[in-house]
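Undergrad: What follows is a predicted protein model with its sequence.
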Amino acid sequence: MKKHTLPLQTVRIRNFKAIQDSGPIKLTPLTVFIGNNGSGKSSVLEAMEFLQAVALRGLEDATGTWRGFEHIWNKAATHTPRKGDAWAQNPMRLHVKGHSGKRTFTAHTEISEPLTEGATYFKSEHVELLRLFYRERLGDEAATERPDKRTEQKEAKRVLAKLDPDQSLLGRDGHIPFESWAFLALDPAAMAQPMRRTRYGTRRGLSKTGQNLAEYLLSFYEADPDGFVALLETLRLVLPYARELQPRVVTDVIEKRIFLQLREQAQKAVFDLVSWVLSSGTLRILALLACLRHPTLAPAVLFVDEIENGLDPRTIGLLVSEIREAVEAGLTQVIATTHSPYLLDQLSLSQLVLVERDKTGAPRFTRPGEDAALRKWAKDFAPGSLYAMGTLSNREE
């Protein structure tokens, strides 16, 4: 298997929701987080989505999604100030390392509340692009740039244009491709309904709920008609009666709307089904396949929470096969959560991260594939069976 440079290599999350300190989490081309409800596995995806929002849209917009920073700032940690410190203790820290497609990067943001302001600000941030620059920002000071992290000479630094208090250093100049990350929490009800046809079509990929699925598929067809036909042929592996898939645009008195229409054949009858009568599983697998295969809008990193939702075992098998092809080709890195032992049975231990609460209630992240005893068990039992038996849990207790 050819090795590809990963867009995201490691992440570390501190004081986000229940996560006090995840420690460095090493990511693979396919990384699947497993654990009980409330263990904290979804919080990893949420932290990365928050980081993307901070970088691309600013701090106020990102925290507004959660109705205030205080709701996602770890509540088990102390945030009262130390004597002589102008900032609250235990800031939220998000750190990622990856590859931009051209260079290795590290990015770090530290968010807290200064005592004199009573609001949320960036306490510090830094961005490093290997062999290009190291940028740093401290509080409300202007950001600086120098050739690398080790160069401290005053003459080697240059001051960058001052950022707005709401603006993150991480999104400056677009060196880190945050816009190529996609987050899916598919909502079949939203995907099924006709949607207003936009003037310029879909340019930013599949939306989080999948609401723009019809427009996304139309852009797929326009970019690669043969690939669109191949997508339908793959869909027939789990929907053998599907004969034609068509994004339909209709015009009423006020505006254009777009929706999906699926043609089915049963014995001698041929009929068309509109999207709002299709099953949730059909819409979900169609969205996931299209997202992985889109010729121009497939994400570099795809995050999916509870990826197996609404899918039967046969369809899960098809999805895993599609994901495997995408990650092996280096097209998309997939980071997901699941509760499905059946899905886990088709993966290797090296692709799993187990999330459990420790005795203090904080989420703890471990890789079962690094446990020698579990690797021996894996010779006789598939990962899903080990998970269902509880063998993966509490190995140190």
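TA: Structure's in. What do you need?
Undergrad: burial measure for His78, as a count.
TA: Let me fix one detail, which is that residue 78 is Thr and not His. Using other Cβ atoms under 10 Å, Thr78 is surrounded by 10 other residues. Heads up, the C-betas are built off the backbone N, CA and C, glycines and all.
Undergrad: Kindly state the pLDDT recorded for it?
TA: At Thr78 the predicted local distance difference test score is 91.
Undergrad: ok, now Gln153?
TA: The predicted local confidence for Gln153 comes out at a pLDDT of 69.
Undergrad: for Val353, same thing?
TA: Turning to Val353, the model gives it a pLDDT of 96.
Undergrad: now it: how far from Pro299?
TA: Using Cβ to Cβ, to the nearest Å, one gets 20 Å for the distance from Val353 to Pro299.
Undergrad: Okay, and Ala62 sits in which element?
TA: Assignment of secondary structure by DSSP states H and E places Ala62 within helix 59-64.
Undergrad: what's that helix packed up against?
TA: If you count contacts as 3 or more Cβ pairs under 8 Å, 6 or more residues apart in numbering; DSSP states H and E, helix 59-64 packs onto helix 41-57.
Undergrad: beta partners for Glu244?
TA: Judged by DSSP bridges, the bridge partners of Glu244 are Arg263.
Undergrad: Please report how far it lies from Phe220.
TA: Going from Glu244 to Phe220 by Cβ to Cβ gives 15 Å.
Undergrad: how far out from the middle of the chain is stretch 17-25?
TA: Relative to its chain's centre, stretch 17-25 lies at 16 Å (Cα atoms, centre = their mean, to the nearest Å).
Undergrad: residues of the helix holding Ala62 that come out buried?
TA: For helix 59-64, the buried set under the neighbour-count rule, 16 or more other Cβ atoms under 10 Å, comprises Leu59, Ala62, Thr63.
Undergrad: same question for it, mean pLDDT?
TA: Confidence over helix 59-64, taken as the mean pLDDT, stands at 95.
Undergrad: how about it as PDB, C-alpha atoms only?
TA: These are the backbone C-alpha positions of helix 59-64, laid out as PDB (Å, rounded to 0.1, in the frame of the first residue of the first chain):
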ATOM      1  CA  LEU A  59     -14.100  33.500  17.500                       C
ATOM      2  CA  GLU A  60     -17.500  35.200  18.000                       C
ATOM      3  CA  ASP A  61     -19.200  33.200  15.300                       C
ATOM      4  CA  ALA A  62     -17.600  29.900  16.400                       C
ATOM      5  CA  THR A  63     -18.600  30.400  20.100                       C
ATOM      6  CA  GLY A  64     -22.000  31.600  19.000                       C
END
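Undergrad: Give me the contacts around the helix or strand that that helix is followed by.
TA: Under the assignment DSSP H and E, the closest C-terminal helix or strand after helix 59-64 is strand 92-99. Strand 92-99 is contacted by residues 5-16, 47-48, 50-51, 54, 69, 72-74, 104-112, 176 when judged by Cβ atoms under 8 Å, 6 or more residues apart in numbering.
Undergrad: Filter those down to just the buried residues.
TA: Neighbour-count burial within these applies to 6-9, 11-16, 47-48, 50-51, 54, 69, 72-74, 105-112, 176; the criterion is 16+ other Cβ under 10 Å.
Undergrad: if I pick the nearest residue to Asp164 once chain neighbours are set aside, what's in contact with it?
TA: If the residues on either side of it in the chain are set aside, Asp164 comes closest to Gly58, at 7.7 Å by Cβ to Cβ, 6 or more residues apart in numbering. Contacts were defined as Cβ under 8 Å, 6+ apart; by that measure Gly58 touches Asp164, Asp166, Gln167, Ser168.
Undergrad: Neighbour-wise, give me the winner out of those.
TA: For those, the largest number of neighbours (other Cβ under 10 Å) sits with Ser168, at 25 neighbours.
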